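Chemist: pasting the structure only:
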């Protein structure tokens, strides 16, 4: 089985933990694989982050922090903190447009992440 390894600089797509999550049913999961999966699960352990992911996944276009703040009922710095955690986990993409940053779900990574829960012998 070939897989990408997390690299320093987890804010990049290639180094993001979600880009290389190992299925839970794999035999002999290494300590590093377990830590990588745990980083992604930790990023999703906050209800606000799950809501952010939901809002962005159901939106047809990238969204700015200022779009998310009223929907979440949180301050701009708090929303920015949660967005940063989701980007570092590799679940979101961040795109600069002038002075603004726009966020979107990295659909390729999220689809790959869905395979983490496929158990041996089950079909996706």
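Modeler: Looks like it came in fine. Note that the coordinates shown come from a computational prediction; the quantities given were computed from them, not determined experimentally.
Chemist: where do the strands sit along the protein?
Modeler: Shown for the chain, the strands assigned by DSSP state E span residues 63-64, 92-97, 100-105.
Chemist: output the contacting helices and strands for the second one.
Modeler: Which is strand 92-97. Applying 3 or more Cβ pairs under 8 Å, 6 or more residues apart in numbering; DSSP states H and E, we find strand 92-97 packed against helix 76-88, strand 100-105. C-beta here means a position set from N, CA and C on the backbone, and glycine is covered the same way.
Chemist: neighbouring strands - and their directions - for it?
Modeler: strand 100-105 (antiparallel) (DSSP bridges).
Chemist: average model confidence for the partner strand?
Modeler: Strand 100-105 shows a mean pLDDT of 94.
Chemist: with stretch 76-90 instead?
Modeler: 95.
Chemist: now residue 74: closest residue in space, sequence neighbours ignored.
Modeler: residue 48 (6.5 Å; Cβ to Cβ, 6 or more residues apart in numbering).
Chemist: how many other residues sit next to the one you found?
Modeler: 16 (other Cβ atoms under 10 Å).
Chemist: shouldn't it be in contact with residue 82?
Modeler: Yes: the criterion here is Cβ atoms under 8 Å, and residue 48 meets it with residue 82 at 5.3 Å.
Chemist: shared neighbours, these two?
Modeler: residue 74 (Cβ atoms under 8 Å, 6 or more residues apart in numbering).
Chemist: quick check: which of the strands of the chain is buried the most?
Modeler: strand 100-105 (a mean of 17; mean count of other Cβ atoms under 10 Å).
Chemist: contacting residues around it?
Modeler: With Cβ under 8 Å, 6+ apart, strand 100-105 has contacts from 53, 56-57, 59, 61-65, 68, 83, 86-87, 91-96.
Chemist: how close does residue 72 sit to residue 106?
Modeler: Note on residue 72: its distance to residue 106, by Cβ to Cβ, to the nearest Å, is 20 Å.
Chemist: neighbour-wise, which of these two wins?
Modeler: Using other Cβ under 10 Å, the more surrounded residue of residue 72 and residue 106 is residue 106, with 23 against 15.
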